[in-house]
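Participant: whatever this is, show me its structure:
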Amino acid sequence: MTERQFRKEIHHGRVVPCYPDRPADLYAMFLDAVRRAPDAVALVEGDMRWTYTFLARRVAACAARLTALGLAAGDRMGILLSNRADYVTLLVAAARLGVIAVPMNIRQRAPETAYLLADSGAAAIIYDDALADQLPDRASLPHVHHWLPYATEAAIWTQETSDTTTDAPDRSAVGEDDPFCILYTSGTTGRPKGAVLTHLGLITICIGSQNHLGLKDGESMILSVPASHVTGVGLVMLLSIRVAGKIVMEQSFKARPFLELAQAERMSFAIMVPSMYKLCLMEPDFGDFDLSSWRIGAFGGAPMAEATIQALAERAPQLTLVNIYGSTETSSPAVMMPLGQCPSHPDKVGKALPYADIVIMDEDGRQLPPGQQGEIWIAGAMTVPRYWNNAEATDKGFAGGYWKSGDIGTMDADGYIRVLDRMKDMINRGGYKVYSVEVENTLMAHDAVAEAVVVGRPCPVLGERVEAFVVTRGQVDQESLRGFCAERLSDYKVPDHVYVVDGPLPRNPNGKLLKSAVREWLPALSENHPM
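Facilitator: All right, here's what the predicted structure looks like:
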């Protein structure tokens, strides 16, 4: 079907364009993949390889176990697991039953886990055995009836897999507008908010991403981002199911093991943050790896430096880079770069996908003309209907069916969108606006810089000063980095200081820099570098 073949429908009180030819829900999407490719490899973890038929039986065994525990449609289940094949098992089993998954970041600590379990009202949590000492006090969470160590549960599923039918149960209680999962935002300000992602929203991004990227059945993907994040859930695990593809599980990203896996598994599609691509290029023998199957390299979370784009074009010419812009609240992608246009539009994130309605709004809620800067608002079937258990945040974050992103951006007359900065991250230096991402992008263009982050430091004279922190590979001094910026940026944008720090920089699970954590470094710096 072509992208123009949409049908207007009403969902959650909003009239939105929808793909009329779509699975009834995410479990139905999985069953369709099983029917099309029963013997194809669905998951790879180390030496373990599961076909779609085997995965279907394991899902059925997992669903039977969850049912025996008393979990039913509408119940919430916390998932505190690393990247492993059974993450997919749990998500699909939850979709089969209508249980709402609550993926959690394995790097969080007990108070954070306690908050998410309490806010979601989870009835159960399944966790990596190695994380048992990071769990909160059970007595403080009486509504969590089941604390399930993964090793025990996996053993039960394994015992039951061979004897369990894959036939679907009566699923009348599961609807496409029902929540599939609750994903909590990074919580850079205040408490994290639980975005409610629906079956329909995730199906929409899967169909749209498949069409835009030209993905075919049997694509090979590596899960390099955390499974607990919207990118891992939507643009890797569920998208791979949509195309009956193969997911190779990677516990944590390291450039050389990633390249080895990409070669061995004939990886065709990957999504990473730009710094991961640069780290791959920094491997001395990058050119010795056979990456000829790698056709699509998606990236998001930050701009990619033009130097990195050019280096990939020279050293991996078969690879088409695709910038992606989205969020947890949009079930991930709302914008993608048209294929082949990243090199010619390095400062843009792309165009709105056909299912997304994007407008640039001023502070008074009025749409701005092409080229003018304002806040990016996003609507569509993929936009979440609400935050869980938080009417105040829902009222503040949504208006007229649109989600207010908090990003400053522009849209030109041809529909290309440029993201300038987070509203809260823009630096005001002596009355001049400095977009931190522009300075970060400039620093990342330096051959020795692996990571960069820029924040504003309060200044009684200028209002704010521009402070940069970088992680480097190789010898480079701070003044040479300032000089590098001075050759490429207006003088007021050049960092007042560039600090070389031991990496990695603090990031959230999707790889976005946590500027709130970086700002905590500023008071100590002020003692050594007064205004």
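Participant: surely residue 269 and residue 216 touch.
Facilitator: No: counting by C-beta atoms under 8 Å, residue 269 does not reach residue 216; the two are 10.1 Å apart. C-beta coordinates here come from the backbone N, C-alpha and C atoms, glycine included.
Participant: between the two, who's got more neighbours?
Facilitator: With neighbours defined as other C-beta atoms under 10 Å, residue 269 and residue 216 compare such that residue 269 has more, 24 against 12.
Participant: next, work out how far apart the more buried one and residue 203 are.
Facilitator: Residue 269 sits 19 Å away from residue 203, taking C-beta to C-beta, to the nearest Å as the criterion.
Participant: repeat that for residue 340.
Facilitator: With C-beta to C-beta as the criterion, residue 340 and residue 203 are 27 Å apart.
Participant: how's this protein carved up into domains?
Facilitator: According to automatic domain parsing, the chain comprises the domains 23-399+406-411, 426-528.
Participant: tell me the most buried of these?
Facilitator: For those, the largest average neighbour count (mean count of other C-beta atoms under 10 Å) is found in domain 23-399+406-411, namely a mean of 19.
Participant: quick check: residue 39 is in a helix.
Facilitator: No: if the criterion is DSSP: H, G, I helix; E, B strand; the rest coil, then residue 39 is coil and not within a helix.
Participant: contact partners for the residue nearest to it when sequence neighbours are not counted?
Facilitator: With C-beta to C-beta, 6 or more residues apart in numbering as the criterion, residue 39 has its nearest non-adjacent residue at 5.4 Å, and that residue is residue 51. Residue 51 sits next to 38-42 when contact means C-beta atoms under 8 Å, 6 or more residues apart in numbering.
Participant: who does residue 51 bridge with?
Facilitator: residue 41 (DSSP bridges).
Participant: next one, pLDDT for it please.
Facilitator: Looking at residue 51, its pLDDT reads 98.
Participant: then residue 173?
Facilitator: pLDDT, the model's per-residue confidence, is 76 for residue 173.
Participant: that one contacts residue 75, doesn't it?
Facilitator: No: taking contacts as C-beta under 8 Å, residue 173 lies outside contact range of residue 75: 11.4 Å.
Participant: residue 284 is in contact with residue 255, correct?
Facilitator: No: the criterion here is C-beta under 8 Å, and residue 255 misses it with residue 284 at 10.7 Å.
Participant: least trustworthy helix or strand in the chain by mean pLDDT?
Facilitator: The weakest-scoring helix or strand in the chain, judged by mean pLDDT, DSSP states H and E, is helix 522-528 (a mean of 70).
Participant: could you give the mean pLDDT of the one helix or strand residue 115 maps to?
Facilitator: Element membership of residue 115, judged by DSSP states H and E, is helix 110-120. If you average the pLDDT over helix 110-120, you get 94.
Participant: may I have the phi/psi pair for residue 455?
Facilitator: Per-residue torsions, residue 455: phi -140, psi 160 (degrees, to the nearest 10).
Participant: low pLDDT regions in this structure?
Facilitator: By pLDDT under 70, the weakly predicted segments of the chain are 1-4, 161-172, 186-190, 508-512, 526-531.
Participant: apply 50 and report the result again.
Facilitator: 1-2, 168, 188-189, 531 (pLDDT under 50).
Participant: mind listing what the closest residue to residue 421 other than its chain neighbours touches?
Facilitator: Counting by C-beta to C-beta, 6+ apart, residue 435 is the residue found nearest to residue 421 once chain neighbours are left out, at 4.2 Å. For residue 435, the contact set (C-beta under 8 Å, 6+ apart) comprises 408, 420-421, 426-427.
Participant: ok, 10 Å please
Facilitator: 373, 408, 419-422, 425-427, 441, 454, 493 (C-beta atoms under 10 Å, 6 or more residues apart in numbering).
Participant: just send these back as TSV, with distance to residue 354 and secondary structure too.
Facilitator: Formatted as TSV, the contacts of residue 435 follow (distance: C-beta to C-beta, whole Å; DSSP: H, G, I helix; E, B strand; the rest coil):
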residue	distance to residue 354	secondary structure
373	25	coil
408	24	strand
419	20	strand
420	24	strand
421	27	strand
422	26	strand
425	30	helix
426	30	coil
427	35	strand
441	28	helix
454	34	strand
493	36	helix
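Participant: what's the most distant pair in those?
Facilitator: 373 and 454 (18.6 Å; C-beta to C-beta).
Participant: distance check, residue 299 against residue 312.
Facilitator: On the measure of C-beta to C-beta, residue 299 and residue 312 end up 10 Å apart.
Participant: mutual contacts of the two, please.
Facilitator: 277, 321, 342.
Participant: in which helix or strand does the last one reside?
Facilitator: Secondary structure here is read from DSSP H and E; on that basis residue 342 sits in neither a helix nor a strand.
Participant: so it sits right up against residue 309, yeah?
Facilitator: Yes: Residue 342 is in contact with residue 309 according to C-beta atoms under 10 Å; the separation is 6.0 Å.
Participant: now do the shared contacts for these two.
Facilitator: Taking C-beta under 10 Å, 6+ apart as the contact rule, residue 342 and residue 309 both touch 299, 321, 323.
Participant: can you pull up the bridge partners for the first one?
Facilitator: Yep, that's residue 299 we're talking about. With DSSP bridges as the rule, residue 299 is bridged to residue 272, residue 323.
Participant: would you agree residue 224 is in contact with residue 269?
Facilitator: No: counting by C-beta under 10 Å, residue 224 stays clear of residue 269, with 11.4 Å between them.
Participant: mutual contacts of these two, please.
Facilitator: By C-beta under 10 Å, 6+ apart, residue 224 and residue 269 have these common neighbours: residue 236.
Participant: need the distance between the two termini of stretch 335-355.
Facilitator: Stretch 335-355 has its terminal residues 10 Å apart, counting by C-alpha to C-alpha, to the nearest Å.
Participant: next, report how far it is displaced from the centre of its chain.
Facilitator: 17 Å (C-alpha atoms, centre = their mean, to the nearest Å).
Participant: before we move on, back to that, for residue 269 and residue 216, list the residues in contact with both.
Facilitator: 243, 245, 295.
Participant: double-check that residue 333 belongs to a strand.
Facilitator: Yes: with three-state DSSP as the criterion, residue 333 is located in a strand.
Participant: for it, which non-adjacent residue is closest in space?
Facilitator: Sequence neighbours aside, residue 326 is the residue nearest to residue 333 in space, at 4.2 Å (criterion: C-beta to C-beta, 6+ apart).
Participant: please identify which helix or strand holds that neighbour.
Facilitator: strand 320-327.
Participant: where's the residue sitting nearest the centre point of the chain, which helix or strand?
Facilitator: The centroid of the chain falls nearest to residue 231 when counting by C-alpha atoms, centre = their mean (2.9 Å). If you go by DSSP H and E, residue 231 is part of helix 230-232.
Participant: then residue 417?
Facilitator: Residue 417 is located in strand 416-422, with elements delineated by DSSP H and E.
Participant: ok, now residue 347?
Facilitator: Remark: residue 347 resides in no helix or strand, with elements defined by DSSP H and E.
Participant: my guess is it meets residue 418, correct?
Facilitator: Yes: judged on C-beta under 10 Å, residue 347 makes contact with residue 418 at a distance of 5.8 Å.
Participant: mutual contacts of those two, please.
Facilitator: In contact with both residue 347 and residue 418: residue 303, using C-beta under 10 Å, 6+ apart.
Participant: rewinding a little: now do the shared contacts for residue 173 and residue 75.
Facilitator: Residues touching both residue 173 and residue 75 (C-beta under 10 Å, 6+ apart): 97-98.
Participant: next one: residue 20 from residue 208, what distance?
Facilitator: Residue 20 is 14 Å from residue 208, by C-beta to C-beta.
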